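[1] Generate a structure from the sequence data that follows.
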Amino acid sequence: MGTVCAFISIVLMGSVLTRSIPPYDLCMDECGEDPPHVDPEEIHRVEWCRHRCNAEERTRCLDANADNEREKINCWRESLFRCFARCGKIQQCLRICQQLHAPPTPIFDTKRMIHSKPVCIFG
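    Coordinates of the predicted model:
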C-alpha cells in the first residue's frame, strides 16, 4: 500500500512541476543545445527556433496586456532584450534581433495632425 501511495505522489508531483515551467522555457528546451560551430545548417535551425519561441512569448505578453499600451511596449522591449542577451556581441545576430523583435513604428494619428498647428522643422 505504501508503494502505491508513493507512486501516486511521484506522478502527481511530476505533473504539477511540469505545469509550472513557463511555455517560453519549454519552447527553448525543445530547440536544443547550441550546436557545434562546424554545422551551419543546425546552427540556423536552432537560432530560428529560438526566435520563434521569443516571438511566441511576446505574443502571449501582448495578448495578456491588450488594453495596456505601456505594458505592450514592455512586451516588445523584453522580447528585444531576450534576443540581445542570446547574441552577446555578434553584430549580425544583433541586427536580426532588431529586425524581428523591435517594436513596430508608431502609426501617425491623422486626426491630431489635421487639427494641430504646423511646425517649422527648418528653424
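
[2] Go ahead and produce CSV holding the CA coordinates of stretch 81-89.
    The C-alpha coordinates for stretch 81-89 follow below in CSV (Å, rounded to 0.1, in the frame of the first residue of the first chain):
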residue,chain,number,x,y,z
PHE,A,81,16.4,42.2,-24.7
ARG,A,82,15.9,38.4,-24.6
CYS,A,83,17.2,38.3,-28.2
PHE,A,84,20.2,40.6,-27.4
ALA,A,85,21.1,38.6,-24.4
ARG,A,86,21.5,35.5,-26.6
CYS,A,87,23.6,37.3,-29.2
GLY,A,88,26.3,38.7,-27.0
LYS,A,89,28.4,41.0,-29.2
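
[3] Give the buried residues for it.
    R82, C83, R86 (16 or more other C-beta atoms under 10 Å). For the C-beta atoms, the positions are set from N, CA and C on the backbone; glycine is no exception.

[4] do the same with stretch 67-84
    K72, C75, W76, S79, L80, R82, C83.

[5] Not counting its neighbours along the chain, what's nearest the third one?
    This points to W76. With C-beta to C-beta, 6 or more residues apart in numbering as the criterion, W76 has its nearest non-adjacent residue at 3.8 Å, and that residue is P103.

[6] Then the second one?
    Using C-beta to C-beta, 6+ apart and skipping the chain neighbours, the partner closest in space to C75 is C61 (3.6 Å).

[7] measure the one you found to Y24 for me?
    10 Å (C-beta to C-beta, to the nearest Å).

[8] ok now do the residue nearest the centre of the chain, which residues does it touch?
    For the chain, N54 is the residue whose C-alpha lies nearest the centre (C-alpha atoms, centre = their mean; 2.6 Å). For N54, the contacting residues are Y24, S79, R82, C83, L100, H101, by C-beta atoms under 8 Å, 6 or more residues apart in numbering.

[9] do that again at 7 Å, thanks
    Under the criterion of C-beta atoms under 7 Å, 6 or more residues apart in numbering, the neighbours of N54 are S79, R82, C83, H101.

[10] for these, which one is nearest D29?
    The shortest approach to D29 among these belongs to R82, at 14.9 Å (C-beta to C-beta).
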